[in-house]
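[1] How does the following fold in three dimensions:
(chains A and B)
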Amino acid sequence: GEDVEQSLFLSVREGDSSVINCTYTDSSSTYLYWYKQEPGAGLQLLTYIFSNMDMKQDQRLTVLLNKKDKHLSLRIADTQTGDSAIYFCALKRGRRALTFGSGTRLQVQP
Amino acid sequence: DVKVTQSSRYLVKRTGEKVFLECVQDMDHENMFWYRQDPGLGLRLIYFSYDVKMKEKGDIPEGYSVSREKKERFSLILESASTNQTSMYLCASSLGLVGTKGNTIYFGEGSWLTVV
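    Numbering: from 1, shown residues only, chains lettered A, B, ... in the order given. Just a heads-up that it's a prediction; the model follows:
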């Protein structure tokens, strides 16, 4: 099955940029997703990128996709304390489900 | 907005009990999912259903079963709860095939289950 790997923890200072990385093994996923989970809550879709794109920008978020290296990243500019959460990358699993990475816990220090 | 509602946020059950986790979605989605979330392991798919009375095993179905008698409702059943099933359980739903026009999965708030 699909392997999706993320580092478990990232700490940044408020105002800095955060970069969360994800590597995967199966390149057949048409869309690749980033989800955010705030403490005690379910996951919310943050953004996604179509597999024929290299980059997608959405306000403070930039998603970069390197298909050759099977590497996906999420950059958050001007990171705020409200960005503290767990971030999951996700790829298609079969035709209907998603496979998720282990999640990266982002801690933003004031 | 899509709403996926899990009936219980926190449950404490005894080893060997039969446990039901209920989930309801209000957007007429055909697909519903149960994931389990554990620290450092991310989300693992237990079961999903693509239609009423239809189900497919995910990656970790052992010790679980599911029921989908109505389109809006998907239940996860632990036939005989064990301590290694202590976890956060997340229900989700989606419309159609994932990856088509950005179709994705919408999650409930989660149910924290402790088995003692």
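[2] Mind giving me the packing neighbours of the longest strand along chain B?
    The single longest strand within chain B, with elements called by DSSP state E, is strand B:42-51. Contacts defined by 3 or more Cβ pairs under 8 Å, 6 or more residues apart in numbering or on different chains; DSSP states H and E place strand B:42-51 against strand A:85-93, strand A:97-100, strand B:31-38, strand B:54-57, strand B:64-70, strand B:73-78. All C-beta spots, glycine's among them, are computed from the backbone N, C-alpha and C.
[3] Reformat these as TSV; add distance to A:Leu8.
    Shown next, in TSV, are those (distance: least, Cβ to Cβ, whole Å):
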stretch	distance to A:Leu8
strand A:85-93	9
strand A:97-100	14
strand B:31-38	12
strand B:54-57	28
strand B:64-70	26
strand B:73-78	27
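[4] Now render the ones you listed as JSON lines, adding distance to A:Ser28, mean neighbour count and mean pLDDT.
    Shown next, in JSON lines, are the helices and strands packed on strand B:42-51 (distance: least, Cβ to Cβ, whole Å; neighbours: other Cβ atoms under 10 Å in any protein chain shown; pLDDT from 0 to 100):
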{"stretch": "strand A:85-93", "distance to A:Ser28": "7", "mean neighbour count": "24", "mean pLDDT": "92"}
{"stretch": "strand A:97-100", "distance to A:Ser28": "12", "mean neighbour count": "25", "mean pLDDT": "90"}
{"stretch": "strand B:31-38", "distance to A:Ser28": "19", "mean neighbour count": "24", "mean pLDDT": "96"}
{"stretch": "strand B:54-57", "distance to A:Ser28": "18", "mean neighbour count": "14", "mean pLDDT": "95"}
{"stretch": "strand B:64-70", "distance to A:Ser28": "27", "mean neighbour count": "16", "mean pLDDT": "97"}
{"stretch": "strand B:73-78", "distance to A:Ser28": "27", "mean neighbour count": "20", "mean pLDDT": "98"}
